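Peer 1: Sequence first, predicted model second:
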Amino acid sequence: MSSLNGKVPASNGARAGRMLRYVDALAEAVAQEMERDRRVFVYGLDVDDHKRIQGSTTGLLERFGAERVFTTPLSEDAMTGFGIGAAMAGMRPVHVHIRMDFLMLCMNQLVNMAAKAHYMYGGAVSVPMVVRCMIGKSWGQGAQHSQGLHSMFMHVPGLKVVAPSNAYDAKGCLIAAIRDDNPVIFVEHRLLYPTEAPVPVEPFVVEFGRARVMRRGEDLTIVGISNMAIECLRAAELLAEAGIAADVIDPVSLAPLDVDTIIQSAEQTGRLLVVDNAWTNCGASAEIVARVAERPVRNRSIRFERMGFAPTTCPTTPALEQEFYPNPSRIAAVGYRLVRPGDGKWVPDPRRAELSYQVQFRGPF
Amino acid sequence: MSSLNGKVPASNGARAGRMLRYVDALAEAVAQEMERDRRVFVYGLDVDDHKRIQGSTTGLLERFGAERVFTTPLSEDAMTGFGIGAAMAGMRPVHVHIRMDFLMLCMNQLVNMAAKAHYMYGGAVSVPMVVRCMIGKSWGQGAQHSQGLHSMFMHVPGLKVVAPSNAYDAKGCLIAAIRDDNPVIFVEHRLLYPTEAPVPVEPFVVEFGRARVMRRGEDLTIVGISNMAIECLRAAELLAEAGIAADVIDPVSLAPLDVDTIIQSAEQTGRLLVVDNAWTNCGASAEIVARVAERPVRNRSIRFERMGFAPTTCPTTPALEQEFYPNPSRIAAVGYRLVRPGDGKWVPDPRRAELSYQVQFRGPF
Amino acid sequence: MPDGALRADAETLERLYRKLYLTRRFEEVVADIYPTDKIKSPVHLSIGQEAVAVGVCDALRADDVVSGTYRGHAAYLAKDGDANAMMAELFGKDSGCARGKGGSMHLVDIAHGVLGSSAVVGSTVPIAMGYAFALQREGRGRVVAAFFGDGATEEGVLWESLNFAALHKLPILFVCENNGYAIHEPIEKRWAVRDLIAKVAAFGLPASRIDGSDVVAIRAAAASAVAPMRRGAHGPSFMECTTYRWREHVGPNADFDAGYRSRAELEPWAAADAVTRVGAMIGAAARQTIESEVDRQVRDAVAFAEQSSMPASIELKTHVFA
Amino acid sequence: MPDGALRADAETLERLYRKLYLTRRFEEVVADIYPTDKIKSPVHLSIGQEAVAVGVCDALRADDVVSGTYRGHAAYLAKDGDANAMMAELFGKDSGCARGKGGSMHLVDIAHGVLGSSAVVGSTVPIAMGYAFALQREGRGRVVAAFFGDGATEEGVLWESLNFAALHKLPILFVCENNGYAIHEPIEKRWAVRDLIAKVAAFGLPASRIDGSDVVAIRAAAASAVAPMRRGAHGPSFMECTTYRWREHVGPNADFDAGYRSRAELEPWAAADAVTRVGAMIGAAARQTIESEVDRQVRDAVAFAEQSSMPASIELKTHVFA
Ligand SMILES: Cc1ncc(C[n+]2csc(CCOP(=O)(O)OP(=O)(O)O)c2C)c(N)n1
Ligand SMILES: Cc1ncc(C[n+]2csc(CCOP(=O)(O)OP(=O)(O)O)c2C)c(N)n1
Ligand SMILES: [Mg+2]
Ligand SMILES: [Mg+2]
């Protein structure tokens, strides 16, 4: 049901691991890397307060002390440059932002410095830095606290971008990000924090650039990004009730992007639906559709569709907010239309679909 | 040879206008709007020095005085917010940046405030602001002075993005941008500044959201963005020598984007090549290919290809820089392969292609 | 906090009390409603900090302009923003001041001179400055007061703005509501130097530090700061108002059990509470009238919000472009 | 500019002169070559400003680190960056210090403690600070000197960085090369307040203003600033060095005919020129030796650059990722 990725211990027990929440997987990954490598440190607004970034930095201050786990002033621009400088000097900073929207304050450092340093200095330095950032949950967070802006970073050579959708990948990708010699934008989603999956106790790495096939089906390929991977799985369940079988693919890593896995599936199903937790215009979904559309060898014609945020600013009122986001019901409906274009009547049970993100998700493994 | 766009006076003479350089068209557009509307002002680093942003603000200080034409400190973030506030209060600021790369310093104001204000305040305010920014010319400008980052702005609802490729559109789009009640990112290219086209003397508007077909041909559709529109015209000339006729389309406005004109052409030719002055990954070229690929009615299968910056940081050394950019020769070669996939041997005359941007371009009108 | 003379004529005290009580009452009611989930969006209460906004706004004209933050209820109400539209906004209703699209963090009331607030710290400061530029050009003596927290002073944009406002002598009063914390982080972990006023003065702005519980002192300081601005090219001023947040950073509750601050820290601030003190200074009859009028106003606002309808689906797509 | 005592022992003066002359000579040669288009990339010359970098770097250890700007030739050479690799970089050659990928604005020489410079004003300042943090943790007494122009002080990131560096007592010397202009805009159009030092001091850093032509005074000031940093948690310092750019902002020529400044403005600076004055203070023999050695060094650098090859096409795709 899933393609193996990462140097997971072979034994079944270890591979299965315990059930762990996404939020705890983040904290565990960082703790294990801090233990292993003295150069790793964690900083950012509020990483050391009692809320610990919704729990995702829990335990770090106690174990590693204020020298390696510290808050900052509200100075995103300078604090990003600070991390870049420390990384150039050989340290391994993990900079934490409680909302991805705040990265707009440090775009200059991320785009003009971090992404480019290795290249424009001819390889003389590297920037092994991780930028953890959380996409806000939908509940009334509004215009400036809920954006998924990953495509801006995918656009710029020199940055890696990952967006794990489950606790297993969260741990494996975060460890990989910390060990990576390049700047990595690590995209989290608030709604994933409480979700559980089996996660090995030992440190392990999920390699970037390998998509994960989370579910198999021959009628339709659905690619889900970040938490939309989970919503797509739910949509696939709804579609199954209508007799439609969907491949559900989670790219996990957005830059580098494993487009081959997606192409392979889409060539088999002839239909590709890409669902992002972001706007579609020039988004990750545009890139994925474009790459599949321009594949050199074409054994089969493919129909495409994208879903993402409504092309509007995010409203706070729940009446509109629910229309702003894709949900399993709407994803399923679009998938259905793609497979059976003539038959426009099917609508999935709205009650089952609506609450999807409150349903405890038990991981793809 | 070109689709009419904009409220151009009907008389032929006026429509033809005089030959005017792109750079002068920019200055003329702003001068005419400042004359017409006392609320318009121009500000930004160096708009009032003797170089006048490579000449594009020439004459404004003399005519309108330092009250309406002024430089700023090196404070891109605050100065963008300043313009937004002035715009909310009813003024019509034109903020000038000599390099688009510097917009990374004011992404927070552009993305989180300017783009969203009208929506998140329920229509209570609007932000009629123009952000003029120039993509650096290639000559050794390097990593941080040559980026075309327009797709980042296309990604965000609430922003309009235009990238005129010739003097006529430069004037008409800039006037339209100033009169628009929304924030407009106005993308210029340094290499276009000396190019000439017939431009009406009177003020006129080029409406956003209407692509321009610059050349007609039935074998291949080439879409060129910003200065690449010009390079694509040159490529089309080269292709014509090989007996291949290309439609060349300049979208002019990137958000809103006139995808219908592109679809119409691509359905006729069955081949679409999109060439951007930017990276392709999650770029404008990805969006254009995706929109054409997911068009609902498909009369014909289309082959797609994209070109843009190499997926690297921009190097300064001319040895590598020339490989970084698409040029007419390479565009033609890719177009040729798209039309005649079997026959991979044709190479256009490199001498003619190489110097394309030094060839005086006489406009599409 | 000093002894707090609070000397002012009865009329002024009553006017101030009405605003203080309104702000306090409004937020208490919001806090009471919050657990019902009728307000589905984060709220950052000003409870304990009301005197700053009330004092400053009482020194402003109706046609002056204020700009606030996500902790902006007090500034909105103190500037006479429409209370009904505000409550409806919190409820996500179509009749809200931002049509339900903004919520508590994005209040706006242009008719009453309330610029839209923002959830990104520091981001409204340069916008307020741009607005002040437009008012300067207009030449009718209007001014802007820009409120922000101590945390905002760490953002570079604030110093860029101070420099530019001073350079162009813009009619803007910068008001820092220093409550000692950014979320749960105390100033010691964020500022190398505690003397904010010295920093601002070095940037060329008259700057003063004022007890944020002393609503009369704040009013006086604001009045004397804006008077010369109205007359011409005097340039900006800066006030640092020391104050204290009584509730949790976001949400309706107290959080003295969370561990990052003690309840003892609250005590002197509670003792100096402007609502209580000003309330005690005005006549009992006047006070009762004010309180019952304000109570009714807040009840009406809740009823208005309750009775208003949610925006129709189609509203999702409106207001993307003007 | 003060009278400029320039008192130092002969050895020091000779060492300083070698650096001053190297920097001057190197750039004069660059200016001579520039019209040939062998250097196909913008150059921002330090001619006239050399004493700042030379004075500061002479106070540094070989294992200390400097960070500069797009106007960074002087800092690179003063810190003993490889002159051959620098000239080759300007020529776009594979043997360049950035493999031809950076050009004049992105010089780097990690082996000699030269962090990469940047074409975005102010952008290297926080990076230098992060580097200083790593050196602080390393505990070997190394320090960073970060050079930037007067224009960089207008970017918010500078004030964010000063606050953080002071808060964490980082071993970094901030060096503002104040040449009175950002491109063609004079300070009057950009700064509300001329007293930069007062602003910085209010942010908690020891700060001094020094005649940027007095290489000995600069050296002394830098030495006394960094000494306590090496010993432990003393924290950052700040120097404002007043200086003057003799050539155009970018490119090899003079531009006194452009109209934004007069040639008369140059005169006192030319009279105080450190290269001339220090040259006049050392013995004629020593001077001649230094000059002929440096002349040869620069000639060798040109020859090295000329003879090096351009990067192969494949290099376009290397170094995107480490
Ligand atoms: C630019 C930015 N960084 C971080 C945050 C997260 N955040 C929200 S409120 C806050 C604290 C702000 O403190 P202060 O300015 O003192 O205002 P207060 O909440 O105390 O009124 C922070 C860090 C944010 N909203 N915006
Ligand atoms: C962030 C940013 N804004 C604008 C520019 C354009 N620019 C290049 S150099 C310069 C002037 C900088 O002046 P200063 O810091 O005083 O350095 P100087 O050139 O005088 O050495 C400007 C505005 C830039 N490179 N970066
Ligand atoms: Mg605070
Ligand atoms: Mg300067």
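Peer 2: Looks like it came in fine. Ligands and ions are numbered 1, 2, ... in the order given.

Peer 1: show me where the stretch 101-250 of chain C has strands.
Peer 2: Assigned by DSSP state E, counting those that start in this stretch, the stretch 101-250 of chain C shows strands spanning C:144-149, C:172-178, C:181-182, C:185-186, C:207-211, C:237-242.

Peer 1: Please write out the alpha-carbon positions of the second one in CSV.
Peer 2: Output of strand C:172-178 as CSV, limited to C-alpha atoms (Å, rounded to 0.1, in the frame of the first residue of the first chain):
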residue,chain,number,x,y,z
ILE,C,172,1.7,60.9,13.3
LEU,C,173,1.7,60.0,17.0
PHE,C,174,3.4,56.6,17.6
VAL,C,175,1.9,54.9,20.7
CYS,C,176,3.7,51.9,22.1
GLU,C,177,1.6,49.9,24.5
ASN,C,178,4.3,48.3,26.5
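
Peer 1: is that strand anywhere near chain D?
Peer 2: No. Counting by Cβ under 8 Å from any Cβ of the partner chain, no contacts exist between strand C:172-178 and chain D, the nearest distance being 13.0 Å. Backbone N, C-alpha and C define where each C-beta goes, glycine included.

Peer 1: For that strand, which helices and strands make contact with it?
Peer 2: Applying 3 or more Cβ pairs under 8 Å, 6 or more residues apart in numbering or on different chains; DSSP states H and E, one finds that strand C:172-178 contacts helix C:50-58, helix C:125-138, strand C:144-149, helix C:156-167, helix C:196-202, helix C:215-231, strand C:237-242.

Peer 1: what's the angle from that strand to strand C:144-149?
Peer 2: Here strand C:172-178 runs at an angle of 20 degrees relative to strand C:144-149 (axes from the mean of the first three to the mean of the last three Cα atoms, to 10 degrees).

Peer 1: now strand C:172-178, how far from the chain's geometric center?
Peer 2: Mean C-alpha position of strand C:172-178 versus that of the full chain (Cα atoms, centre = their mean, to the nearest Å) differs by 10 Å.

Peer 1: For that strand, the averaged confidence score.
Peer 2: Averaging pLDDT along strand C:172-178 gives 98.

Peer 1: okay, now the domains of chain A?
Peer 2: Under automatic domain parsing, the residue ranges defining each domain of chain A are A:13-198, A:212-352.

Peer 1: just those: most buried one?
Peer 2: Mean neighbour count, computed with mean count of other Cβ atoms under 10 Å in any protein chain shown, is highest for domain A:13-198 among the domains of chain A, reaching a mean of 24.

Peer 1: ok, and the closest non-adjacent residue to residue 82?
Peer 2: Let's take chain A. Closest residue to residue A:82 in three dimensions, ignoring its sequence neighbours and counting by Cβ to Cβ, 6 or more residues apart in numbering or on different chains: residue D:130, at 3.9 Å.

Peer 1: Wait, chain C was what I had in mind.
Peer 2: residue C:109 (5.6 Å).

Peer 1: Mean neighbour count added to the strands of the stretch 101-250 of chain C, as TSV?
Peer 2: Converted to TSV, the strands of the stretch 101-250 of chain C look like this (neighbours: other Cβ atoms under 10 Å in any protein chain shown):
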stretch	mean neighbour count
strand C:144-149	29
strand C:172-178	28
strand C:181-182	22
strand C:185-186	18
strand C:207-211	20
strand C:237-242	24
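
Peer 1: The residue nearest to residue C:50 when sequence neighbours are not counted: how many residues sit nearby?
Peer 2: On the basis of Cβ to Cβ, 6+ apart, the spatially nearest residue to residue C:50 that is not a chain neighbour turns out to be residue C:23, at 4.2 Å. Other residues near residue C:23 come to 27 when the count uses other Cβ atoms under 10 Å in any protein chain shown.

Peer 1: I'd like to know how far residue C:23 sits from residue C:76.
Peer 2: 9 Å (Cβ to Cβ, to the nearest Å).

Peer 1: Residue C:207 is in contact with residue C:239, correct?
Peer 2: Yes. Counting by Cβ atoms under 8 Å, a contact exists between residue C:239 and residue C:207, whose distance comes to 7.4 Å.

Peer 1: quick one on the thing from earlier: same list, the strands of the stretch 101-250 of chain C, but as JSON lines with distance to residue B:181 please.
Peer 2: Putting the strands of the stretch 101-250 of chain C into JSON lines (distance: least, Cβ to Cβ, whole Å) gives the following:
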{"stretch": "strand C:144-149", "distance to residue B:181": "22"}
{"stretch": "strand C:172-178", "distance to residue B:181": "25"}
{"stretch": "strand C:181-182", "distance to residue B:181": "36"}
{"stretch": "strand C:185-186", "distance to residue B:181": "40"}
{"stretch": "strand C:207-211", "distance to residue B:181": "37"}
{"stretch": "strand C:237-242", "distance to residue B:181": "33"}
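
Peer 1: right, so of those, which gets closest to ligand 1?
Peer 2: strand C:144-149 (2.3 Å; Cβ to the nearest ligand atom).

Peer 1: what are the pairing partners of the closest one, and which direction each?
Peer 2: According to DSSP bridges, strand C:144-149 has the following sheet partners: strand C:65-67 (parallel), strand C:172-178 (parallel).

Peer 1: Also compute the angle for that strand relative to helix C:215-231, please.
Peer 2: Using the same axes, to 10 degrees, the inter-axis angle of strand C:144-149 relative to helix C:215-231 is 140 degrees.

Peer 1: gap between strand C:144-149 and the chain center?
Peer 2: The offset between the C-alpha centroid of strand C:144-149 and the centroid of the whole chain comes to 8 Å, using Cα atoms, centre = their mean.

Peer 1: CA atoms only: put it into CSV for me.
Peer 2: Only the C-alpha atoms of strand C:144-149 are listed here, as CSV (Å, rounded to 0.1, in the frame of the first residue of the first chain):
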residue,chain,number,x,y,z
VAL,C,144,-2.9,59.7,12.8
ALA,C,145,-2.3,57.8,16.0
ALA,C,146,-0.6,54.4,15.5
PHE,C,147,-0.9,51.9,18.3
PHE,C,148,1.5,48.9,18.6
GLY,C,149,2.9,46.6,21.2
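
Peer 1: now the strands: where do they sit in the stretch 151-300 of chain A?
Peer 2: Here the stretch 151-300 of chain A has its strands, by DSSP E, counting those that start in this stretch, at A:160-162, A:184-189, A:196-199, A:212-215, A:220-224, A:246-250, A:253-255, A:271-275.

Peer 1: What parts of the stretch 1-150 of chain A come near chain C?
Peer 2: Residues of the stretch 1-150 of chain A lying near chain C by Cβ under 8 Å from any Cβ: A:45-46, A:49-51, A:70-78, A:101-102, A:104-105, A:139-145.
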